[in-house]
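*Asks:* Return atomic coordinates for the entry below.
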Amino acid sequence: MIAVVQRCSRGEVRVDGTRVGALGEQGGLVVLLAVEVGDAAPQAQKMADKLAKLRIFEDDAGKMNRSVSDVGGSLLVISQFTLAGDCSGGNRPSFISAARPEAAEPLFQQAVEAIRAHGLQVETGRFRTEMKVDILNDGPVTLIVRVP
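*Replies:* As a prediction, the model looks like this:
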């Protein structure tokens, strides 16, 4: 499982012009999440734990030492199979590493539920749709997170 994690002041996702998910007023994390071939429940749990505990918000000393729950933030998690794209062999990406939708969607949902189990507010995009994502990256802080 691979994710691009962005610390954001604002974030929302729209489908057909209708907002389907957004960060809360305090901001938080916008997470683009890809499920890869071979991923299973342990990877979904590890990713959820990592996202819930990731300390990328500044403390009073200006160091990244607080998690999203420490700052009262929320998460907007969006399925993004293109993160599994491989461009090393040419100019057209290969998505052979991306899990098929039938396998990816349940694992995506497991990860979301596992994040919620940490007591965090989580909203999502809509799986297998064309989404418009609007974010205001804070910092900017953007990380790539991969769990084995």
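
*Asks:* Packing partners of the helix or strand containing Leu136?
*Replies:* Secondary structure assignment for Leu136, by DSSP states H and E: strand 132-146. Packing partners of strand 132-146 (3 or more C-beta pairs under 8 Å, 6 or more residues apart in numbering; DSSP states H and E): strand 2-15, strand 28-34, helix 41-53. Glycine gets a C-beta too; all of them are placed from N, C-alpha and C.

*Asks:* what angle sits between whichever helix or strand Glu102 is part of and helix 41-53?
*Replies:* According to DSSP H and E, Glu102 maps onto helix 101-116. If you take axes from the mean of the first three to the mean of the last three C-alpha atoms, to 10 degrees, helix 101-116 sits at 40 degrees to helix 41-53.

*Asks:* Next secondary structure element downstream of helix 101-116?
*Replies:* Later in the chain than helix 101-116, the nearest helix or strand by DSSP H and E is strand 122-124.

*Asks:* What strands line up against that next one, and which way round?
*Replies:* Using DSSP bridges, strand 122-124 pairs in its sheet with strand 74-79 (parallel).

*Asks:* Could you export the partner strand as PDB, CA atoms only?
*Replies:* Output of strand 74-79 as PDB, limited to C-alpha atoms (Å, rounded to 0.1, in the frame of the first residue of the first chain):
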ATOM      1  CA  SER A  74      -9.400  15.100  10.300                       C
ATOM      2  CA  LEU A  75      -8.500  13.100   7.200                       C
ATOM      3  CA  LEU A  76      -9.800  13.100   3.700                       C
ATOM      4  CA  VAL A  77      -8.800   9.800   2.100                       C
ATOM      5  CA  ILE A  78      -9.000   9.400  -1.600                       C
ATOM      6  CA  SER A  79      -8.500   6.300  -3.700                       C
END
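
*Asks:* Apart from its neighbours in sequence, what residue is nearest the residue nearest in space to the middle of the chain?
*Replies:* Residue closest to the average C-alpha location in the chain (C-alpha atoms, centre = their mean): Val31, at 2.0 Å. If the residues on either side of it in the chain are set aside, Val31 comes closest to Val77, at 4.6 Å by C-beta to C-beta, 6 or more residues apart in numbering.
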